[in-house]
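1. coords please:
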Amino acid sequence: MSAAVNAFGDPLGPRGRRRALVASVVSGLVVLVLLYLAYRRLSDRGQLDARRWEELLSGEGLEFLATGLVNTVRVAAVAIVTSLAVGTVVALGRLSRLAPVRWVATTYVQLFRALPSLLLIIFSFYGLNQLFIDQGSATRVSAEVAIVLGLTLYNSAVIAEVVRAGVRSLPRGQSEAASALGLRRGQAQRFVLLPQAFLRMLPALVSQAVTTLKDTAYGTVIGFDDLLRRGQLAGETTRSPLQGLVLAAVGYIVLCFVVSQVAAYLERRVTRRFGGRTQVTGVEDVTT
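-> This next block holds a predicted model:
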């Protein structure tokens, strides 16, 4: 743990710790003051009145929002699974001894990792549908499919580097032991290296899952009926747009908190498994 801290500078001395404590206290007081001012302003404008929340918090209102929550979880789950599958294949391509395979996999990673997921979702929906229209095809890409496709392209590129980082962090003796057992290179990667890499990189993979979950909110741009969209519609219907967005935000916070708790639990398990914190935590630890 100390090595990770010292990587950015020397440990703080007594004077430095006092300054850090004072800065933390001052920052906390500033945040409290800002929260109080926001509370007073919202209260003065009647945004905290019970009547603005009653309809949204009724059984019908909560059921309406719950449908959006289910849609968000469903799309996120599919996108996470497809991203993991595609990312693993791309990672194996990056580790291949065949130069053309490595070039294709590297191009995939560098291209889609550099593009915003929102842009990929918009292109997957409007771009592909326009292409089908121009070709005279009756096929159409739904908003749900466009979100899954866009998120898969982006997140699979990131996950590919995470998985590759996990494989490269393993001791060389693992490959040598697999070879001594008569396993070919591909078999060693599938049955020996990849399982250990996934175990090492579980915290990073779950963190990426949190990112994928939050990025599903981009689906609102193309009209997907997710939690954010339902929060907007509920707010507009009840003439309480702020309250609708607040409830949607609470839903995202709860979902991300649950996934983050899973990530923390997995990280503790991994730390105990390897006798210390895993040094490779993401794509930034991998040399190209």
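2. Could you break this structure into its assigned domains?
-> 11-48, 53-285 (automatic domain parsing).
3. which of those domains sits most buried?
-> Per-stretch averages of neighbours, counted by mean count of other Cβ atoms under 10 Å, single out domain 53-285 among the domains of the chain, with a mean of 17. (C-beta placed from N, C-alpha, C; glycine too.)
4. quick one, helices of the stretch 151-288 of the chain?
-> 172-180, 185-188, 194-200, 202-215, 227-237, 241-274 (DSSP state H, counting those that start in this stretch).
5. do you know which of those lies nearest W53?
-> helix 241-274 (5.7 Å; Cβ to Cβ).
6. Let's test this: mean pLDDT of the closest one, rounded?
-> Across helix 241-274, pLDDT averages out at 82.
7. quick one, that helix and helix 227-237 angle?
-> Interaxial angle of helix 241-274 relative to helix 227-237 (axes from the mean of the first three to the mean of the last three Cα atoms, to 10 degrees): 160 degrees.
8. what angle do helix 241-274 and helix 202-215 make?
-> Using the same axes, to 10 degrees: helix 241-274 against helix 202-215 is 170 degrees.
9. Centre of the chain to helix 241-274, how far?
-> 11 Å (Cα atoms, centre = their mean, to the nearest Å).
10. For that helix, which helices and strands make contact with it?
-> Applying 3 or more Cβ pairs under 8 Å, 6 or more residues apart in numbering; DSSP states H and E, we find helix 241-274 packed against helix 59-94, helix 194-200, helix 202-215, helix 227-237.
11. ok, then the element right after the longest one?
-> What it means is helix 59-94. helix 99-114 (DSSP states H and E).
12. Give me the residues contacting that next one.
-> 90-94, 96, 120, 153-154, 156-158, 160-161, 283, 288 (Cβ atoms under 8 Å, 6 or more residues apart in numbering).
13. what two of those residues have the greatest distance between them?
-> It's S96 and L120 that sit farthest apart of these, by Cβ to Cβ, at 25.1 Å.
14. will you turn the helices of the stretch 151-288 of the chain into a markdown table that also has distance to A79?
-> As requested, these are exported to a markdown table (distance: least, Cβ to Cβ, whole Å):
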| stretch | distance to A79 |
| --- | --- |
| helix 172-180 | 31 |
| helix 185-188 | 27 |
| helix 194-200 | 18 |
| helix 202-215 | 5 |
| helix 227-237 | 15 |
| helix 241-274 | 13 |
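15. so which of the ones you listed comes closest to A143?
-> Per Cβ to Cβ, nearest to A143 of these: helix 227-237, 9.7 Å.
16. Give the other helices and strands that that closest one contacts.
-> By 3+ Cβ pairs under 8 Å, 6+ apart, helix 227-237 packs against helix 59-94, helix 241-274.
17. T212: which of those is closest?
-> helix 59-94 (5.3 Å).
18. Quick check: which element contains R140?
-> Counting by DSSP H and E, R140 is part of no helix or strand.
19. Find me the pLDDT at it, would you?
-> For R140, the model assigns a pLDDT of 89.
20. who touches the spatially most central residue of the chain in this structure?
-> Taking Cα atoms, centre = their mean, the centroid of the chain lies closest to T211, which sits 1.6 Å from it. For T211, the contact set (Cβ under 8 Å, 6+ apart) comprises N155.
21. What of the one 5 residues further on?
-> Shown in contact with T216 (Cβ under 8 Å, 6+ apart): 72, 75-76, 79, 147, 151, 226.
22. Just give me the closest of those to V262.
-> For those, the nearest to V262 is A76 (13.4 Å; Cβ to Cβ).
23. ok, now which ones touch that closest one?
-> 209, 212-213, 216.
24. My guess is N129 contacts S142. True?
-> No: contact criterion Cβ atoms under 8 Å: N129 and S142 do not qualify, at 9.4 Å.
25. Least confident secondary structure element in this structure?
-> In the chain, no helix or strand scores lower on mean pLDDT, DSSP states H and E than helix 2-6, which sits at a mean of 43.
26. just checking, L12 touches A20?
-> Yes: proximity of L12 to A20 meets the contact threshold set by Cβ under 8 Å, at 6.2 Å.
27. check contacts around the nearest residue to Q232 once chain neighbours are set aside.
-> Leaving aside its chain neighbours, Q232 sits nearest to G244 (6.2 Å; criterion: Cβ to Cβ, 6 or more residues apart in numbering). Contact analysis of G244 by Cβ under 8 Å, 6+ apart lists 56, 231-236, 238.
28. Please identify which of the helices and strands packed on helix 227-237 is closest to V221.
-> It is, among the helices and strands packed on helix 227-237 and with distance given as Cβ to Cβ, helix 59-94, at 13.8 Å.
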